[in-house]
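Student: sequence isn't available, so here's the structure alone:
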């Protein structure tokens, strides 16, 4: 399966080194003949309200399924914490899924905006931290599960701030 993702910068805050507004477009090709695996005709669009988030406010956005050849089983929103430790031998990176929210179940209506809404769990999140030898970062994954068993996943790094 061949998956193409486009991220469109809406507004940019250079002093934060991240784009606060993110729009997404996902399109999957019919077949990837090089890999020999069948694909599906699939397209989705949406937006994340911000990628620079206050830890005390909800993460929001929306996703719209434009069309899908295969029926959709579910759409999920995952929050992942990524910890990186470094030393002379190199860096060790560990990603931990903190929470997984099913935002849609079943074959959703086409061209209908589905809201994304997630509260950051207080016990498992902190402001994003980056030092020379240690980092704590966060990512949001949007996962679309098809009834054929295929997973379509896109990862968006976010920055958490305490405000």
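Tutor: The structure has been received and is ready for your questions. From a predicted model like this one, the values you see are computed outputs, not experimental measurements. Numbering: from 1, shown residues only.

Student: what about stretch 117-132, start to end distance?
Tutor: Stretch 117-132 has an end-to-end distance of 33 Å (CA to CA, to the nearest Å).

Student: avg pLDDT for it?
Tutor: For stretch 117-132, the mean per-residue pLDDT is 94.

Student: per-residue confidence at the spatially most central residue of the chain?
Tutor: The geometric centre of the chain, computed from its C-alpha atoms, lies nearest to residue 141 (CA atoms, centre = their mean), at 2.7 Å. On pLDDT, residue 141 comes in at 94.

Student: one more: residue 82?
Tutor: 96.

Student: these two touch, right, residue 107 and residue 74?
Tutor: No: in terms of CB atoms under 8 Å, residue 107 does not count as a neighbour of residue 74; the distance is 9.9 Å. Just so you know, the C-beta spots here come from the backbone N, C-alpha and C atoms, and that holds for glycine as well.

Student: can you give me the helices in this protein?
Tutor: Counting by DSSP state H, the chain forms no helices at all.

Student: please name the residues that touch the residue nearest to the centre of the chain.
Tutor: Counting by CB atoms under 8 Å, 6 or more residues apart in numbering, residue 141 makes contact with 76-78, 80, 153-156.

Student: out of these, flag the one nearest to residue 145.
Tutor: When the contacts of residue 141 are compared for distance to residue 145 (CB to CB), residue 76 wins out at 7.1 Å.

Student: pretty sure the closest one contacts residue 102?
Tutor: Yes: using CB under 8 Å, residue 76 is in contact with residue 102, at 5.3 Å.

Student: quick one: which of those two has more around it?
Tutor: Using other CB atoms under 10 Å, the more surrounded residue of residue 76 and residue 102 is residue 76, with 17 against 11.

Student: quick one: the residue nearest to the more buried one when sequence neighbours are not counted from residue 63, how far?
Tutor: Sequence neighbours aside, residue 143 is the residue nearest to residue 76 in space, at 4.4 Å (criterion: CB to CB, 6 or more residues apart in numbering). Between residue 143 and residue 63 the computed distance is 11 Å (CB to CB, to the nearest Å).
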